[in-house]
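> Model the structure of this input:
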Amino acid sequence: MKTQFKILFFVLLLSVAAAQPKLVPVTILHWNDFHAQNEPYTVTVKSRETGRDTSFTVAGTATLLGYLNKYRRESPNPVLLHAGDDFQGTPVSSLTYGRSQIELLNLLKPDAMTLGNHEFDYGSEKLRSYFPLAHFPILAANVYDTIRHELFAQATRIIKTGGVTIGVIGLTHPRLETIVIRDSLVGLVMLDIDSVATNHIRAFRQQGVDLIVAVTHMGLRSDSLLAMNHPEIDVIVSGHDHVPLFTPKRVNRTIIVQAGRWGRYVGKLDLQVDTTEDSVYSFAGRLIETRTSDITPDLMAEREVERLVGDLRAAMEEVIGELKTPWVRSPERRRSESNIGSWQTDAMRAYAKTDIAIQNSTGIRTGLEAGPIKVGDIWRMNPFGNYFVVFEVDEKTLRSMLEFQSSVSTQEWCQVGGVRYTFDSRKLAGQKVQSVEVGGKSIEEGKIYTVVTNNYVTSNIPAHFGIDPKGLKFRMLPAMDRDVFIDAVRQQKVISSFTDGRILDLGAIR
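Predicted coordinates for the structure are as follows:
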């Protein structure tokens, strides 16, 4: 009897032991949408206690690396993940075609980075030429090269740390062809996200992966759909829409994190991974503001940034004019006129000598406070190096373009010059536009109007205006967009910019 009891007790002990999770701590340090902000910049916030504005400096590559190194040292099993868009945003990235960012990322040493849409801005072949220079894995499981008949970049990476096997898959924006100039994507096609995810999740399980992480550059809405369709994904490190998630978002069992933009925050996600169940037992996530005053910057990174940008600084600091009123990129209602958009389209129309000018709102990357206007300010506002393109449309096509604009998302929303129109967002599609004027006169039936815009917009005309570009004849102008704006500032010298009601939504008037 005693022997049977001992056997039963031993079996129970084994069962309890088997049921106990084997927990291993893993810390994911993450950032996204750095946009070549290699030098510290100033942010201003209003104090909750005093109501006064407080300014301080944040980020820059050396500061960011200081924070990454601090938490890399303090975490038992750190993993560094970058969710894309390190290219584009400052002159050094444009002038080196992104190579500066690869060289600096080699110092940061992410364990994996997914490709963002702006990594393709200088062309896919230029981007591909950097892959051998990168000392870190660059991932994009859903971009396929039809010319070489292979994936454009590495799809996944397996990371082993502290007894945990982590499967990382990189996913790039599924509508890449609508947000990148098509000439930069020759031969590339996007694979179906769900099929790609399903195949790699299956492969991860066969490889004994304990934790599945998707590093994505798709935006939170697409990430939420990914989490709903693939609950096997434990963590999504998100990028693209510049959202600082101060606490992680949970969709079913998937944890989604994103760290804003420009390196202002480092994301820190602490996980307890149950390797017996291949799942996350518990987690805690937060964003750490990268204030320069609270960390010692990495000296090697500081020297490398100075080497890259030092020669450019004097040229970028040249004062070319004075701004009396702030240029505001994002008004309260994003689908509306902005004063910087109105100023730019007026400058475009004067340069191209056309009836109408159109500038995509997202092509204007930042605003500017009142004060001196420097060459570098214009570079930061318009970093893409686009060229202007002229084409003609008749009255019917113009009205159709504006009708389509009245229903587009903020991604395709455009600023205009030379044309004024009112629309009613409450009405059905096809019935929104109420009035259109060009040059102060109502549009005339059958009349032909000249339009200037940039080559990004013309490469994506269906997405912006819902018309077929095949019947249009495009003429590219010689000057780069930012050069035109720099010349316009030099000529005007003192600038006051206001919205003037050229775009009016009757449905938003209360």
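> buried sites along stretch 205-217?
Residues 209, 210, 211, 212, 213, 214, 215, 216, 217 are the ones in stretch 205-217 that count as buried (16 or more other Cβ atoms under 10 Å). The C-beta positions use only the backbone N, C-alpha and C, and glycine is treated the same way.
> I meant stretch 160-180, not that one.
161, 164-174, 176-180.
> start to end distance for that stretch?
Start to finish, the residues bounding stretch 160-180 are 35 Å apart (Cα to Cα, to the nearest Å).
> Also stretch 109-122?
End-to-end for stretch 109-122, by Cα to Cα: 23 Å.
> Now, the buried residues of stretch 160-180 that are in helices?
Secondary structure assignment by DSSP state H places 176, 177, 178, 179 of the buried residues of stretch 160-180 in helices.
> Now flag whichever of these is closest to residue 405.
Closest to residue 405 out of these is residue 178 (15.3 Å), distances taken as Cβ to Cβ.
> where along the stretch 251-400 of the chain do the helices fall?
Remark: helices assigned in the stretch 251-400 of the chain by DSSP state H, counting those that start in this stretch are 299-316, 339-352, 375-381, 395-405.
> Could you tell me how far the second one lies from the centre of the chain?
The offset between the C-alpha centroid of helix 339-352 and the centroid of the whole chain comes to 25 Å, using Cα atoms, centre = their mean, to the nearest Å.
> cool, the shortest one as well?
Centroid separation between helix 375-381 and its chain, computed with Cα atoms, centre = their mean, is 18 Å.
> Show me the contact partners of it.
With contacts defined as Cβ atoms under 8 Å, 6 or more residues apart in numbering, helix 375-381 is touched by 89-91, 94, 315-318, 320, 327, 329, 340, 364-368, 482, 485-486, 489.
> And for the longest one?
The contact list for helix 299-316, computed with Cβ under 8 Å, 6+ apart, reads 38-39, 60-62, 65, 90-92, 95-96, 100, 103-104, 107-108, 374-376, 379.
> burial count for residue 106?
A count of nearby residues for residue 106, using other Cβ atoms under 10 Å, gives 14.
> That one sits in which helix or strand?
Residue 106 belongs to helix 99-108 when elements are defined using DSSP states H and E.
> Hey, what's the angle from that helix to helix 299-316? Just curious.
Helix 99-108 runs at 160 degrees relative to helix 299-316, counting by axes from the mean of the first three to the mean of the last three Cα atoms, to 10 degrees.
> tell me the mean pLDDT over the following helix or strand past helix 99-108?
Going down the chain from helix 99-108, the next helix or strand is strand 112-114, by DSSP H and E. Here strand 112-114 scores 98 as its mean pLDDT.
> Show me the domain layout of this structure.
By the assignment in automatic domain parsing, the chain contains the domains 20-309, 317-508.
> I'd say residue 422 and residue 506 touch.
Yes. If you go by Cβ atoms under 8 Å, residue 422 and residue 506 touch, sitting 5.8 Å apart.
> Identify the contacts common to those two.
Listed contacts common to residue 422 and residue 506 are residue 434; contacts here mean Cβ under 8 Å, 6+ apart.
> Can you list the neighbours in contact with stretch 141-155?
Contacts of stretch 141-155 (Cβ under 8 Å, 6+ apart): 115, 124, 128, 131, 137-140, 156, 169-172, 174, 176, 186-193, 196, 200.
> Quick one, which of those are buried?
115, 124, 137-140, 156, 169-172, 174, 176, 188, 190-191, 193, 196, 200.
> Surely residue 407 and residue 428 touch.
No. Counting by Cβ under 8 Å, residue 407 stays clear of residue 428, with 9.6 Å between them.
> Give the next helix or strand downstream of the element among helices and strands of the chain having the smallest mean pLDDT.
In the chain, no helix or strand scores lower on mean pLDDT, DSSP states H and E than helix 2-19, which sits at a mean of 46. As assigned by DSSP H and E, the chain's next helix or strand after helix 2-19 is strand 23-31.
> how far does the very next helix or strand once past that next one sit from the chain's center?
Per DSSP H and E, strand 23-31 leads on to strand 41-46 as the next helix or strand towards the C-terminus. Counting by Cα atoms, centre = their mean, strand 41-46 is centred 21 Å from the centre of its parent chain.
> Against which helices or strands is strand 41-46 packed?
Using 3 or more Cβ pairs under 8 Å, 6 or more residues apart in numbering; DSSP states H and E, the elements in contact with strand 41-46 are strand 53-58.
> what comes up buried for the strand it packs on?
residue 58.
> what comes into contact with it?
So strand 53-58 is contacted by 40-47, 263-264, 289-293 (Cβ under 8 Å, 6+ apart).
> now the strands for the stretch 151-300 of the chain?
156-161, 164-172, 188-190, 211-217, 235-237, 249-251, 254-257, 265-274, 279-289 (DSSP state E, counting those that start in this stretch).
> Same check on the stretch 401-510 of the chain?
Applying DSSP E, counting those that start in this stretch to the stretch 401-510 of the chain gives strands spanning 414-417, 419-423, 433-438, 441-442, 448-454, 475-480, 494-495, 503-505.
> The longest one pairs with which strands, and in what direction?
What it means is strand 448-454. Here strand 448-454 is paired, per DSSP bridges, with strand 356-360 (parallel), strand 387-394 (antiparallel).
> what comes into contact with the first one?
Put plainly, it is strand 356-360. For strand 356-360, contacts defined as Cβ under 8 Å, 6+ apart pick out 341, 344-346, 348-349, 398, 412-419, 438, 449-454, 456-457, 464.
> Report the inter-axis angle for that strand versus strand 419-423.
With the same axes, to 10 degrees as the basis, strand 356-360 and strand 419-423 are set at 60 degrees to each other.
> pLDDT on strand 356-360, on average?
pLDDT averaged over strand 356-360 gives 97.
> Now do that strand and helix 339-352, the angle between them.
Relative orientation of strand 356-360 versus helix 339-352 (the same axes, to 10 degrees): 130 degrees.
> could I get strand 356-360 in PDB with only the CA atoms?
What follows is strand 356-360 as a C-alpha-only set of coordinates in PDB (Å, rounded to 0.1, in the frame of the first residue of the first chain):
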ATOM      1  CA  ILE A 356      -3.300  74.800 -61.900                       C
ATOM      2  CA  ALA A 357      -0.700  73.400 -59.500                       C
ATOM      3  CA  ILE A 358      -1.200  70.200 -57.400                       C
ATOM      4  CA  GLN A 359       1.000  69.100 -54.500                       C
ATOM      5  CA  ASN A 360       0.400  65.900 -52.500                       C
END
